[in-house]
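Asks: predicted model and sequence below, questions to follow.
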2 protein chains.
Amino acid sequence: MIATPDYRALLATAVAEARQGLAEGGIPIGAALFHDDGRLLGCGHNRRIQENDPSVHGETDAFRKAGRQRRYRDTIMVTTLAPCWYCSGLVRQFNIGTVVVGESVNFSGGVDWLREAGVKVIDLADQECIEMLGGYIAANPDVWNEDIGED
Amino acid sequence: MIATPDYRALLATAVAEARQGLAEGGIPIGAALFHDDGRLLGCGHNRRIQENDPSVHGETDAFRKAGRQRRYRDTIMVTTLAPCWYCSGLVRQFNIGTVVVGESVNFSGGVDWLREAGVKVIDLADQECIEMLGGYIAANPDVWNEDIGED
């Protein structure tokens, strides 16, 4: 890594994915996996609703789209929302070095756990991310609770 | 739940999935999600090799195949191998009540973390599971290290 990446520029890709999800009628959470040299490896968004598939979170979709990588230490997972336990576990298992979250207001997930495990976590507290998901949750509380495993 | 499920009978489904994976040339780890009344909700196996997809672990595949469920508290995730962080995170996020592992000798994963979080974990220390995966790891160390995120 030559210079500190422009994290807000990377977040724009995840936000574009979240917007696409919202336009499809889905939960607006997007993510993107970058190499820390700036290359986009894969991006995706939550598709619980669109594909009736509870396993497709933004982060798992981006990870999948990136295909097999030899190592993840030098990669950055950028996501519009703090990762849940499922996605935090993904980050930890594959030793993804850095996580950039758009916001952790609507859901704080496993960010403290990741920090304790040595993952670099950057929270951008982005207003658009907060409002886009916050509006969705207010309008669709049942879908949201299902997505985070609440009865 | 009327009676304690026959965990070894449930494990047989996960083992059949692991054998299928091995027959396909893949990593032999299988899993199955059951309701605790005995109904099979979904089953699957690791397909890193077969589909070049690092996101398909046995547990995530079984979870996906089960489709959307209203709640997971009364479900049992049965897997031939102790779940990694990624799959342990899945269990915790969706509040899966019970995890049955075929073995934790080749890899112990997040079983202690899950127990601390209140998940019921049963380790069957199954000899066939230990030998099937142990033999695969000895013959394919690079694939195995890639699958558990080791450089």
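Replies: Sure thing, it's come through.
Asks: just give the nearest non-adjacent residue to the residue in chain A that chain B sits nearest to, would you?
Replies: Relative to chain B, the nearest point of chain A is A:G89 (2.3 Å; C-beta to the nearest C-beta). For every residue, glycine as well, the C-beta is placed using N, CA and C. Spatial nearest neighbour of A:G89, chain neighbours left out: B:G89 (2.3 Å); criterion: C-beta to C-beta, 6 or more residues apart in numbering or on different chains.
Asks: test my guess that the one you found contacts A:W113.
Replies: No. B:G89 is beyond contact range of A:W113, at 9.4 Å (criterion: C-beta atoms under 8 Å).
Asks: anything in contact with each of those two?
Replies: Taking C-beta atoms under 8 Å, 6 or more residues apart in numbering or on different chains as the criterion, B:G89 and A:W113 both touch A:S88, A:R92.
Asks: ok now whichever strand or helix holds the residue of chain A closest to chain B, how far from the chain's centre?
Replies: Assigned by DSSP states H and E, A:G89 belongs to helix A:85-93. How far helix A:85-93 lies from its chain's middle: 11 Å, per C-alpha atoms, centre = their mean, to the nearest Å.
Asks: same thing with stretch A:122-131?
Replies: 12 Å.
Asks: distance between the ends of it?
Replies: Using C-alpha to C-alpha, to the nearest Å, the end-to-end distance of stretch A:122-131 comes out at 19 Å.
Asks: can you give me the mean pLDDT across that stretch?
Replies: The pLDDT scores in stretch A:122-131 average 98.
Asks: repeat for stretch A:27-44
Replies: 97.
Asks: and the residue found closest to A:A117 once you drop the neighbours it is linked to in the chain, how many neighbours?
Replies: Of all residues not flanking A:A117 in the chain, A:R92 sits nearest, at 5.5 Å (C-beta to C-beta, 6+ apart). Per other C-beta atoms under 10 Å in any protein chain shown, the neighbour tally for A:R92 reads 24.
Asks: point out where chain A drops to low pLDDT.
Replies: Scanning chain A with the threshold set as pLDDT under 70 gives A:1-3.
Asks: tell me the contacts of the nearest residue to A:E59 once chain neighbours are set aside?
Replies: Once flanking residues are discounted, A:E59 sits nearest to A:C87: 3.9 Å by C-beta to C-beta, 6+ apart. Listed by C-beta under 8 Å, 6+ apart, the contact set of A:C87 reads A:H57, A:G58, A:E59, A:T60, A:T79, A:G109, A:G110, B:G89.
Asks: returning to what we had before: distance check, the residue nearest to A:G89 against A:R92.
Replies: Distance, B:G89 to A:R92, by C-beta to C-beta, to the nearest Å: 8 Å.
Asks: show me where chain A has helices.
Replies: A:7-23, A:48-51, A:58-65, A:85-93, A:111-116, A:127-139, A:141-147 (DSSP state H).
Asks: return the distance of the third one from the chain's centre.
Replies: Centroid displacement of helix A:58-65 relative to its chain, using C-alpha atoms, centre = their mean, is 8 Å.
Asks: please apply the same query to the first one.
Replies: For helix A:7-23, the distance from its own C-alpha centre to the chain's C-alpha centre is 10 Å (C-alpha atoms, centre = their mean).
Asks: report the inter-axis angle for that helix versus helix A:58-65.
Replies: Here helix A:7-23 points in a direction 100 degrees away from that of helix A:58-65 (axes from the mean of the first three to the mean of the last three C-alpha atoms, to 10 degrees).
Asks: B:G89 and A:W113: which is more packed in?
Replies: B:G89 (28 against 18).
Asks: who are the contact partners of that one?
Replies: Counting by C-beta under 8 Å, 6+ apart, B:G89 has contacts A:C84, A:W85, A:Y86, A:C87, A:S88, A:G89, A:L90, A:R92, A:G110, B:G110.
Asks: now swap in A:H45 and tell me
Replies: A:E17, A:A18, A:Q20, A:G21, A:G26, A:P28, A:I29, A:G30, A:A31, A:G58, A:D61.
Asks: with A:V143 instead?
Replies: A:I27, A:R48, A:I49.
Asks: now, among these, which is nearest to A:I137?
Replies: A:I27 (8.8 Å; C-beta to C-beta).
Asks: surely the closest one meets A:N46?
Replies: Yes. With contact defined as C-beta under 8 Å, A:I27 counts as touching A:N46 (4.5 Å).
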